[in-house]
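> I need the structure of the sequence given here:
(one chain, ligands or ions: 1)
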Amino acid sequence: MRDINSVFEELHTQIASCTKCELCRTRTYTVPGEGPLNCRVVIVGEGPGQEEDESGRPFVGKAGRLLTDILEKGGNIRRDSVYITNTVKCRPPDNRNPNAKEIEACRNFLEAQLLLLHPDIVVTLGNVPTQALLNTKQGITNLRGKWIDWRGIKLFPMFHPSYLLRNESRAVESPRYLMWQDVKDLKAKIDELKD
Ligand code: URA
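Take a look at the predicted model:
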């Protein structure tokens, strides 16, 4: 059987040459994802922004720095212990949300990553990955903080860090406050699932 490193290498090569949707015309680099292939948690964002497009790495801009802080300071979860990827692997122009066609064109890549990595937990950030994987129109405000089965893997929707950047309030029930609670729940589940 081929080892997971070479399977991922091949997957990344396929992503790098993909022309299945219009986003290939405007991208600088594809952003396949990064992290340990023996991870227990995979985090799925929406799609690359400008800094990700220019570097080929996920969540390296402002939202990425906030994500790292939430994981490390809020949850005591090291960023380099989780695999981080996106629903679409190429930047949507002007940081708009990826549309349905683009999400469908990239779906096989995301599903292959999740099924190959087979983590204990998949965290979806915001509406785009949550609705794409769960095939629902329900919004993140309803779904965040709930544990939901996705093909035998525990899926945990959380707010997207960009949403927190747009909403500074720290009041009880604000997105920041709820995110803080969610990352603590996430850490508790990781610890509970430890053998
Ligand atoms: N936002 C995302 O959803 N993904 C990234 O990689 C960066 C910002």
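
> only C-alpha atoms for contact and neighbour calcs from this point on.
Will do.

> Quickly list what the most centrally placed residue in the chain is bridged to.
The geometric centre of the chain, computed from its C-alpha atoms, lies nearest to Val44 (C-alpha atoms, centre = their mean), at 1.2 Å. Counting by DSSP bridges, Val44 is bridged to Thr85, Thr124.

> Would you confirm that it contacts Val122?
Yes - between Val44 and Val122 there is a contact under C-alpha atoms under 8 Å: 7.3 Å.

> follow-up on the earlier one: what's the pLDDT at the residue nearest to the centre of the chain?
Here, the pLDDT recorded for Val44 equals 99.

> how close does it sit to Trp150?
13 Å (C-alpha to C-alpha, to the nearest Å).

> next one: Val123
Counting by C-alpha to C-alpha, the gap from Val123 to Trp150 is 11 Å.

> more neighbours, the two?
Neighbour totals were compared for Val123 and Trp150, and Val123 leads with 23 against 13 (other C-alpha atoms under 10 Å).

> Enumerate every residue touching the more buried one.
By C-alpha atoms under 8 Å, 6 or more residues apart in numbering, the residues touching Val123 are 41-44, 155-158.

> Recalculate using a threshold of 7 Å.
The contact partners of Val123, taken as C-alpha atoms under 7 Å, 6 or more residues apart in numbering, are 42-44, 155-158.

> what do you get for Arg27?
Contact analysis of Arg27 by C-alpha under 7 Å, 6+ apart lists 53, 90-91.

> Same check on Arg176?
164, 169-170 are the contacts of Arg176 under C-alpha under 7 Å, 6+ apart.

> pLDDT score for it?
Looking at Arg176, its pLDDT reads 95.

> got it, and the one 10 residues further on?
Leu186 carries a pLDDT score of 98 in this model.

> element containing Thr130?
Assigned by DSSP states H and E, Thr130 falls within helix 127-134.

> show me where the protein has helices.
Here the chain has its helices, by DSSP state H, at 4-16, 23-26, 50-55, 62-69, 75, 100-117, 127-134, 140-143, 161-166, 175-193.

> Output those helices as a markdown table; include the columns distance to Tyr83.
Converted to a markdown table, the helices of the chain look like this (distance: least, C-alpha to C-alpha, whole Å):
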| stretch | distance to Tyr83 |
| --- | --- |
| helix 4-16 | 12 |
| helix 23-26 | 23 |
| helix 50-55 | 15 |
| helix 62-69 | 12 |
| helix 75 | 16 |
| helix 100-117 | 9 |
| helix 127-134 | 15 |
| helix 140-143 | 21 |
| helix 161-166 | 17 |
| helix 175-193 | 14 |
